[in-house]
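Asks: Below is the structure, and that's it, no one-letter string:
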DNA sequence: GACGATACGGAACGCGCGCCCCGGTTGGCA
DNA sequence: TGCCAACCGGGGCGCGCGTTCCGTATCGTC
């Protein structure tokens, strides 16, 4: 690959990282190109589609988060809640976290699997209500993450969801 | 108003009711016109904008719901939760309920006010966590209602939110 | 320093959709 | 029944945006 090509690729990725984070997936691709100081055609030389660029930007962060779900934990509920908190913290600052669930099937599936594992263990421990499915949780989180960008208090939202997830059994 | 005009107006409203309910606000206006058996121009003779048509369709239902919030109740928490349940039940069947919050500022304000009143009373009674604002609640509900159309179990989602809203004080 | 391959920029295309306009039609009053 | 105003259908415009195409500039090698 030619040197200027590699340089432009990085410029595009930098611009995309910032604009996807602040405006989400709906930011026009021409705006990304403009911020990167290149033409739209150049973007398409490096990424076949807008989705691919988005995935390139989010994949790293999301994959790291998913990987963190595999670490063994003592308290199953604690592990699940920590994961959800991590998601919420990320989404409170970067707008592309919630879009990743919608835009990229791969990332969605990955999240679904990671959440499913944590959820299952917490349910077996009896501390999280048993009638929630992994799909419910993914979708609920997507809605909650989006709500954070509409003027709601992210911390309060998260607390509500976490409390709501707890099993109703009285100890 | 001429007789055929009135008839067409009704046909448009009927088609809009059905399509907004099943597909939400993003349904193309031409599709509504097509289902009504009229041209797009005819729709615009009766409603100045797509938004106005949407509002005409949803206003009645939402206003009725808002009005029901004014009925005096014994149990403040019960009143709030009943209202939220009503919203969820409606949204589980009609897709335009959640869009109404986004599309129509009037309806959003109305909902905000109604929810704010119920919330305030429930918070005074101490049964609902005090750090939630009316805006938080509107936005949270919007996210939850949208989530219902993404494959989540509406009943479970609602229960999670209701439980999460309850005050943490141990009686 | 010249030449071929590679990459660039941005104009242009296609598409979807909200909205408007106009030639033709229809309803209801005299 | 005839006439005019009201109304209708649907083709078309404007716009935003993802994507592509191509003439031009740039890189790196011989």
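Replies: Thanks, I have the structure now. Small disclaimer: the values here were computed from a predicted structure and weren't measured. Numbers count the residues shown, from 1 in each chain, chains lettered A, B, ... in the order given.
Asks: Contacts only, for residue A:69.
Replies: Taking C-beta atoms under 8 Å, 6 or more residues apart in numbering or on different chains as the criterion, residue A:69 is in contact with A:79, A:83, A:114, A:115, A:117, A:118. C-beta coordinates here come from the backbone N, C-alpha and C atoms, glycine included.
Asks: what about the residue nearest to it when sequence neighbours are not counted, how many neighbours?
Replies: Spatial nearest neighbour of residue A:69, excluding adjacent residues (C-beta to C-beta, 6 or more residues apart in numbering or on different chains): residue A:114 at 4.0 Å. Counted with other C-beta atoms under 10 Å in any protein chain shown, the neighbours of residue A:114 add up to 22.
Asks: Which strands or helices does the helix or strand containing residue A:114 pack on?
Replies: Using DSSP states H and E, residue A:114 falls within helix A:105-124. Contact analysis of helix A:105-124 by 3 or more C-beta pairs under 8 Å, 6 or more residues apart in numbering or on different chains; DSSP states H and E lists helix A:50-68, helix A:76-93, helix A:96-103, helix A:134-147 as its packing neighbours.
Asks: Return the distance of the second one from the chain's centre.
Replies: Taking C-alpha atoms, centre = their mean, to the nearest Å, one finds the center of helix A:76-93 at 11 Å from the center of the full chain.
Asks: Which residues are in contact with the most centrally placed residue in chain A?
Replies: Ranked by distance to the mean C-alpha position of chain A (C-alpha atoms, centre = their mean), the top residue is residue A:97 at 3.3 Å. When the contact criterion is C-beta under 8 Å, 6+ apart, the partners of residue A:97 are A:58, A:61, A:62, A:87, A:90, A:91, A:145.
Asks: Any chance of CSV for those residues, columns pLDDT and distance to DNA strand D?
Replies: Listed next are those as CSV, based on pLDDT from 0 to 100; distance: C-beta to the nearest atom of the strand, whole Å:
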residue, pLDDT, distance to DNA strand D
A:58, 98, 16
A:61, 97, 21
A:62, 97, 20
A:87, 98, 25
A:90, 98, 23
A:91, 98, 21
A:145, 98, 20
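Asks: Which members of the residues you listed additionally contact DNA strand C?
Replies: Among these, no residue lies close to DNA strand C (C-beta under 7 Å from any atom of the strand).
Asks: Those residues, buried ones only, as a ChimeraX selection?
Replies: Below is the selection syntax for ChimeraX that covers the buried ones among the contacts of residue A:97, with 16 or more other C-beta atoms under 10 Å in any protein chain shown defining burial:
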select /A:58,61,62,87,90,91,145
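Asks: residues in chain A within reach of DNA strand D, list them.
Replies: Chain A has residues A:2-4, A:26, A:28-30, A:40-41, A:44, A:48-51 near DNA strand D, with proximity defined as C-beta under 7 Å from any atom of the strand.
Asks: got those residues as a markdown table, with secondary structure, neighbour count and distance to residue B:102 columns?
Replies: Below are the residues of chain A next to DNA strand D laid out as a markdown table (DSSP: H, G, I helix; E, B strand; the rest coil; neighbours: other C-beta atoms under 10 Å in any protein chain shown; distance: C-beta to C-beta, whole Å):
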| residue | secondary structure | neighbour count | distance to residue B:102 |
| --- | --- | --- | --- |
| A:2 | coil | 7 | 46 |
| A:3 | helix | 7 | 47 |
| A:4 | helix | 8 | 44 |
| A:26 | coil | 8 | 14 |
| A:28 | coil | 12 | 21 |
| A:29 | helix | 18 | 24 |
| A:30 | helix | 11 | 26 |
| A:40 | helix | 13 | 30 |
| A:41 | helix | 8 | 35 |
| A:44 | helix | 15 | 32 |
| A:48 | coil | 9 | 32 |
| A:49 | coil | 11 | 27 |
| A:50 | helix | 17 | 24 |
| A:51 | helix | 13 | 24 |
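Asks: Report the two of those separated the most.
Replies: For the residues of chain A next to DNA strand D, the maximum inter-member distance is 33.0 Å, found between A:3 and A:26 (C-beta to C-beta).
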